[in-house]
Every structure is written in structure tokens, then in C-alpha cells.
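>>> return atomic coordinates for the entry below.
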Amino acid sequence: MESRQRRAVERGRIIGMREAGHSISEIARDLGLTRQTVQRWLTRWEESGNLEDRQRSGRPKMTSAEDTAGIRAAVERNPFTNSVSGGSALVRGEDGTD
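Sure thing, here's the model as predicted:
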């Protein structure tokens, strides 16, 4: 099972156990979580009815659209190029082929 699916199942268990009358401490102990984590998911469920991960911004891109297009083109020309030799060839302005 994928980790995202495991987290969703675990969050569902938190809600189910709470609705079955278990205390936050019991839920935390039984699932191996902190009380704070259990409380956070219960609060989110009560406020929004949502147990999904929130959208994250992630790391900003460091390459321009032109750089990305060049990298894709080099990989298409030589799919067996690794990131070290392919990257240094792109820096030198080469196409990455032998």
C-alpha cells in the first residue's frame, strides 16, 4: 500500500475510533501517534470534514522553461546519458551525444 493511502487509512481509523467513544490518549497509544497528531486530525475533520493532505508549495524551480526544454531534448537524443555527464555537456553547450 502506498504511503499516502496508509496515511488516509490511519486518519480514517482516528475518526472511527473517536466516533466509537475512544479518548484521544487511547487512540494515540493504539495507533502509535502523539496526542497532538490525533487532536490535529480530529480538529481538521470537525472543521472541514477533510482528511486529505494540504497542498504544499514545494521547492521553487531552478531551471527556466528553456533549460527544461534543452534537458528534455538531450535526454531524447541520448536516453542513456546520466545526470552528471548530461548536465556537464549541457553546461558546455554540447548535445550530450558521443
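>>> what's the longest helix anywhere in the chain packed up against?
Across the chain, the helix with the greatest residue count (assigned by DSSP state H) is helix 3-19. For helix 3-19, the packing partners by 3 or more Cβ pairs under 8 Å, 6 or more residues apart in numbering; DSSP states H and E come out as helix 24-31, helix 35-48. Heads up, the C-betas are built off the backbone N, CA and C, glycines and all.
>>> hey, least reliable of those helices by pLDDT?
With a mean of 92, helix 35-48 has the lowest mean pLDDT of those.
>>> tell me the angle that helix makes with helix 24-31.
If you take axes from the mean of the first three to the mean of the last three Cα atoms, to 10 degrees, helix 35-48 sits at 110 degrees to helix 24-31.
>>> give the other helices and strands that helix 35-48 contacts.
Using 3+ Cβ pairs under 8 Å, 6+ apart as the contact definition, the elements that helix 35-48 packs against are helix 3-19, helix 24-31.
>>> okay, now the unreliable bits of the protein?
Residue ranges of the chain with pLDDT under 70: 1, 54, 56, 83-98.
>>> please redo it, this time with the cut-off set to 90
By pLDDT under 90, the weakly predicted segments of the chain are 1-9, 44-65, 67-98.
>>> per-domain residue ranges of it.
3-48, 62-98 (automatic domain parsing).
>>> for residue 14, grab the count of nearby residues.
For residue 14, the tally of surrounding residues (other Cβ atoms under 10 Å) stands at 24.
>>> how close does it get to residue 59?
30 Å (Cβ to Cβ, to the nearest Å).
>>> show me which positions of stretch 40-50 end up buried.
Applying a neighbour-count criterion of 16 or more other Cβ atoms under 10 Å, one finds 41-42, 45 buried in stretch 40-50.
>>> buried deepest among the domains of the chain, which one?
domain 3-48 (a mean of 14; mean count of other Cβ atoms under 10 Å).
>>> lovely, talk soon.
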